[in-house]
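S.K.: Take a look and give me a structure for this.
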Amino acid sequence: MASTLGIIVTRVHGLLRERQLVATRVDGVLRIPAEFIQDGAVVKGLPSTITLLSDAGYSDPEIIDWLFTAEESLPGRPITALRENRGREVHRRAQAAGF
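M.R.: Down below sits the predicted model:
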């Protein structure tokens with residue numbers, strides 16, 4: 001992930017601490033979905049979506065599941081909508097998910 005972003009590994013850890021990204025452990029290794037990066041940067045709107053879902057009580061694995069689960073009202077997956085610059089729609093659904 002560090003090479004994809006063009007930064008050092010410790011900066012990736014900083015992005016995780018700052019909640020700009022979330023990761024999950026797979027076979028003991030921390031994994032960040034590749035779709036969280038677009039054009040060498042964190043997908044626009046992803047950090048605020050992470051914040052909304054975290055505030056609603058979602059764990060990091062639950063946030064990742066939510067982002068990759070198709071939503072009929074979008075339509076499609078929230079991560080795809082974020083990558084297509086439809087963050088406002090995603091944020092509305094993330095706020096509703098907390099209630």
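S.K.: Low-confidence ranges, this structure, go.
M.R.: Where the chain drops to pLDDT under 70, the residues are 1-2, 99.
S.K.: That one: helices as residue ranges?
M.R.: Here the chain has its helices, by DSSP state H, at 2-5, 9-17, 46-55, 60-68, 78-83, 87-97.
S.K.: Name the nearest residue to L16, ignoring sequence neighbours.
M.R.: Nearest residue to L16, sequence neighbours excluded (CB to CB, 6 or more residues apart in numbering): A23, at 6.0 Å. From N, CA and C alone the C-beta is placed, and that goes for glycine too.
S.K.: Distance check, that neighbour against G6.
M.R.: 18 Å (CB to CB, to the nearest Å).
S.K.: Of those two, which one has the most company?
M.R.: Neighbour count, other CB atoms under 10 Å: between A23 and G6, A23 has more, with 19 against 9.
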